[in-house]
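K.L.:
Pasting the sequence and the predicted model now:
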Amino acid sequence: MNMLDEIFFDNPVKSYLLVATVIIVAVLLKRYLSRYIASLLFLLIKRSSKHIQKSVFVNLVVQPLDSFLVILVSVLAFDRLYFPHRLNIKIYHVTAHDIVESFFIGIIIISFIWFLLRVIDFIAILIQEKVAPLDAPADNQLVLFFKDFFKVFLVTAGMIMVLKFCFNIHIGQLITGLSIVGAALALAAKESLENLIASFIIFFDKPFIAGDLVKVNTFSGYVERIGLRSTRLRTMDKTLVTVPNKQMVDSIVDNSSARDHVRNEIKVELIPQTPSGKIEIVLAGIKNIFLSHPKKIITSTVYLSDVTRNGIVIICEFFTPSQLSIDNVNILKEDIHLDIKKMQEQNNVNSFQANSFTFTTAANQAETDVVKT
């Protein structure tokens, strides 16, 4: 008898060699096959967008497609072999053959779901490139939201397929069982469901979008991401605050990015003995300081607010464009500090106490700077 025809674990040796050869060829050619299939799929997608790069799509799908092809070829090759009777033992009334078969089916389903997840990533990139010229942050955030939503849906569908084809669980019975315990699950996941519904409200009502500066309760920061469960804020201290979406919907949210102008206030205190003529000089000097910044200050108001035994209070209000960055606001603040200080020195206007300059920043936080005069 030829050595290749010898039976080993219920299969001839040549069958093992054939299966091994097929798997080795699949491993060696997987990259070429996956890139070729990815190129064919790209030709279908290219019709909807002529600006998308082929390398982006190929780099996303080639790795899961490699795994899927190798696993699929391996499973089909092993299917040509007979499962050895000596190894087909029973474990809790389930044979080893059924366990191995279910394992391979589960691997195929998982690798295919992985491939589809990468396709969803590419579709999201495709849509983002289409809405990019519109310069609409809300549309970009909506794309990210639905990308995550469909990924969750796809993973859930994959889990159901694994339960169906690997564990032979009837889907109808599964749904019936879920309906029985549905009330308990709904109570247990009450907050998660509320946050999920709140995320839809945020996206369709659009009280804020990614990149907006908002204040909710005691937290202020820029919206970095709106997820299925929570919204992430980057505070002025560069810390990351995670706020549940339900709280973002139920609470009062102050969206600073939605305003046209930003209000700033300066309070200047002079000593009670300051002559009225010097007060008029100070008022006129501060007005001229504001007029010297026409591009950064839209409107301004300077008036004598109060005269007390502790001092003379001058209130200065001015509005800056909302598009003005924090760095530019700080530079403007520094210029006003120095100009008021120089103007007081030139006119011999002194203060018994320190002058208090109070600025309302873009985050609606009062910031007090004290300058000795």
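P.N.:
Yep, that arrived.

K.L.:
Name the helix or strand for the closest residue in space to V155 that isn't next to it in sequence, please.
P.N.:
Leaving aside its chain neighbours, V155 sits nearest to I113 (6.8 Å; criterion: Cβ to Cβ, 6 or more residues apart in numbering). For the C-beta atoms, the positions are set from N, CA and C on the backbone; glycine is no exception. In the assignment (DSSP states H and E), I113 maps to helix 96-131.

K.L.:
Kindly report the same for R263.
P.N.:
Using DSSP H and E, R263 falls in strand 261-270.

K.L.:
Flag every buried residue along that strand.
P.N.:
In terms of neighbour count (16 or more other Cβ atoms under 10 Å), strand 261-270 has its buried residues at V262, N264, I266, V268, E269, L270.

K.L.:
Equivalent analysis for stretch 245-260, please.
P.N.:
Using 16+ other Cβ under 10 Å as the test for burial, stretch 245-260 gives N245, K246, Q247, M248, V249, V253, S256, S257.

K.L.:
Restricted to strands, list those residues.
P.N.:
Within these, residues falling in strands by DSSP state E are V253.

K.L.:
What separation is there between the closest residue to K296 other than its chain neighbours and L338?
P.N.:
Nearest non-adjacent residue to K296, counting by Cβ to Cβ, 6+ apart: L332, 5.2 Å away. With distances taken as Cβ to Cβ, to the nearest Å, L332 is found 11 Å from L338.

K.L.:
Compare those two and say which is more crowded by neighbours.
P.N.:
L332 (18 against 12; other Cβ atoms under 10 Å).

K.L.:
ok, the more buried one touching K295?
P.N.:
No: judged on Cβ atoms under 8 Å, L332 makes no contact with K295 at a distance of 10.1 Å.

K.L.:
what are the ranges of the helices in the stretch 151-300 of the chain?
P.N.:
Secondary structure of the stretch 151-300 of the chain (DSSP state H, counting those that start in this stretch): helices at 171-180, 182-188, 190-205, 245-250, 276-291.

K.L.:
just to revisit the earlier point, put together a markdown table for the buried residues of strand 261-270, with distance to S220 and pLDDT on each row.
P.N.:
Listed next are the buried residues of strand 261-270 as a markdown table, based on distance: Cβ to Cβ, whole Å; pLDDT from 0 to 100:
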| residue | distance to S220 | pLDDT |
| --- | --- | --- |
| V262 | 14 | 84 |
| N264 | 17 | 85 |
| I266 | 22 | 84 |
| V268 | 27 | 86 |
| E269 | 28 | 85 |
| L270 | 33 | 86 |
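
K.L.:
Closest to R118 out of those residues?
P.N.:
The nearest member of these to R118, counting by Cβ to Cβ, is V262 at 43.5 Å.

K.L.:
Now that closest one: closest residue in space that isn't a chain neighbour?
P.N.:
With sequence-adjacent residues excluded and distances taken as Cβ to Cβ, 6+ apart, V262 is closest to T320, at 4.9 Å.

K.L.:
helices or strands up against the helix or strand where that neighbour lies?
P.N.:
According to DSSP H and E, T320 maps onto strand 312-321. Here strand 312-321 touches strand 261-270, helix 276-291, strand 299-307, going by 3 or more Cβ pairs under 8 Å, 6 or more residues apart in numbering; DSSP states H and E.

K.L.:
so what strands line up beside it?
P.N.:
Under the criterion DSSP bridges, strand 312-321 sits next to strand 261-270 (antiparallel), strand 299-307 (antiparallel) in its sheet.
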